[in-house]
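J.: Let's see this in three dimensions:
(one chain, ligands or ions: 1)
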Amino acid sequence: MTEVPEHLLERSRQRRAALSGGAAEAAPETAAPSAEASSSSAVAPAASAAAAVPAEPTPPPAPEPVPAYIEAAQSRKKIPVWVLPVVIFLPLWAFLYAGSLSEPEVELEGQLALGATVYQQCAGCHGATGGGGAGRQLNNGEVLLTFPTIEGQLEYVAVGTTGYSGKPYGDPDRPGGGHVGGSYGNMPAFLGTLTPDELLSVIRHEREVIGGEVIPAEQIGPDGELLHSNGEPYINDAGELVDENGELLLGETGFLINPGVGPTESGPVVAMAGP
Ligand code: HEC
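T.: Below is the predicted model of the structure:
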């Protein structure tokens, strides 16, 4: 039970005494039944005393305190003038910003854009960034080490492991040793599956985007297409892959018609090239 402090008891006793006109003082709680009567007789004085209570000087009602939130609203700084133009130009800025974000995609046009799309057929085995997997690693310069020129790679992707099974392809002197068809797995042949433009484009993606090959500016045409060093296109008006003299690059079987077009096409590849 909570102890009521003595001074509070004393105060309540005095208060009660004041209300009951001294009767309560003579009759504490523990008093004999006679106190009953005295306390009941004290009811009337108590009531009159209670009526007298409001007569006591009550302080005038304090002015209603202003709630904190109203006070805050009244004293808060107003919106600065410069906010309005900023708010107005925000959508314009957002529009321009969004435009600047899509810029790199605009640069990727023509063959490189097509190449990125076609590469999705290769990514399952070679990895989205060419890190390798079921297929050989292409990034970190690997694909350029195997194929110093694009012609050898065009041929290899056209004929796949079927065309090169058990035979060396690419540069036989590449660091780490020349690659032999089937030594890593089975690379599908893409001759006939891809159009010549798709084949060239996906290989450009592997060499330039994944492999980091830098093409001289004069070998990029007005539509971003690859040109030979003499300025002639790799894809002719008929949509065929051609060499710098306009002659067909790949034969019907997918092998290079003239294997001498690049340094990788010496040796074993020449032996393979006959129809
Ligand atoms: C089904 C898996 C698979 C797919 C799909 C695939 N490749 Fe391959 N690729 C391989 C394998 C396996 C090798 C190694 C082949 C071998 O050892 O003969 C390889 C090798 C290569 C190489 C030679 C790399 C080197 O350094 O020896 C190139 C280039 C290549 N692939 C390009 C492509 C392109 C381009 C595509 C898509 C159009 C593609 N690959 C799709 C599995 C695949």
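
J.: Residues of the stretch 101-250 of the chain that sit close to the ligand?
T.: For the stretch 101-250 of the chain, the residues found near the ligand under the criterion Cβ under 6 Å from any ligand atom are 121-122, 124-126, 134-136, 142-143, 146, 153, 156-157, 161, 179, 181-188, 190, 202-203, 206. From N, CA and C alone the C-beta is placed, and that goes for glycine too.

J.: Can you list which of the residues you listed are found in helices?
T.: 121-122, 124-126, 142-143, 146, 153, 156-157, 161, 202-203 (DSSP state H).

J.: Quick one: buried ones out of these?
T.: With neighbours counted by 16 or more other Cβ atoms under 10 Å, those contain buried members at Cys122, His126, Glu142, Val143, Thr146, Gln153, Tyr156, Val157, Thr161, Val202, Ile203.

J.: pLDDT added to those residues, as JSON lines?
T.: Shown next, in JSON lines, are these (pLDDT from 0 to 100):
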{"residue": "Cys122", "pLDDT": "98"}
{"residue": "His126", "pLDDT": "98"}
{"residue": "Glu142", "pLDDT": "97"}
{"residue": "Val143", "pLDDT": "97"}
{"residue": "Thr146", "pLDDT": "97"}
{"residue": "Gln153", "pLDDT": "97"}
{"residue": "Tyr156", "pLDDT": "97"}
{"residue": "Val157", "pLDDT": "98"}
{"residue": "Thr161", "pLDDT": "96"}
{"residue": "Val202", "pLDDT": "98"}
{"residue": "Ile203", "pLDDT": "98"}
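
J.: Out of these, which is nearest to Ser20?
T.: Taking Cβ to Cβ as the measure, His126 is the one of these closest to Ser20, at 103.0 Å.

J.: who's in contact with Tyr184?
T.: Contact partners of Tyr184, counting by Cβ atoms under 8 Å, 6 or more residues apart in numbering, are Gly135, Arg136.

J.: Same check on the one 5 residues further on?
T.: Residues touching Ala189, when contacts are defined by Cβ under 8 Å, 6+ apart, comprise Ala158, Val159, Gly160, Thr161, Thr162, Gly163, Gly254.

J.: which stretches of this structure have low pLDDT?
T.: Per-residue confidence for the chain (pLDDT under 70) gives these ranges: 1-2, 21-56, 102-108, 261-275.

J.: how close does the residue positioned nearest the centre of it get to Gly152?
T.: Relative to the mean C-alpha position of the chain, the nearest C-alpha, by Cα atoms, centre = their mean, is the one of Leu101, at 13.6 Å. When distance is defined by Cβ to Cβ, to the nearest Å, Leu101 is 38 Å away from Gly152.

J.: And for Cys122?
T.: Cys122 sits 17 Å away from Gly152, going by Cβ to Cβ.

J.: try Leu84
T.: Spatial separation of Leu84 from Gly152 under the definition Cβ to Cβ is 65 Å.

J.: any chance you could map the helices in the stretch 51-200 of the chain?
T.: 68-75, 83-101, 103-107, 111-118, 120-126, 142-146, 150-164, 196-204 (DSSP state H, counting those that start in this stretch).

J.: Against Leu92, how distant is the residue nearest to the centre of the chain?
T.: Between Leu101 and Leu92 the computed distance is 15 Å (Cβ to Cβ).

J.: for Gly211, same thing?
T.: Taken as Cβ to Cβ, the spacing of Gly211 relative to Leu92 amounts to 41 Å.

J.: which one of the two has more residues nearby?
T.: Set side by side, Gly211 and Leu92 show unequal neighbour counts under other Cβ atoms under 10 Å, the larger going to Gly211 at 22 against 9.

J.: Could you pull up the residues touching that one?
T.: If a contact means Cβ under 8 Å, 6+ apart, then Gly211 has Gly130, Leu138, Asn139, Gly141, Glu142, Val143, Leu144 as its contacts.

J.: pretty sure Val209 belongs to a strand, no?
T.: No - counting by DSSP: H, G, I helix; E, B strand; the rest coil, Val209 falls outside a strand, being helix.

J.: if I pick it, what's in contact with it?
T.: Val209 sits next to Leu112, Gly115, Ala116 when contact means Cβ under 8 Å, 6+ apart.
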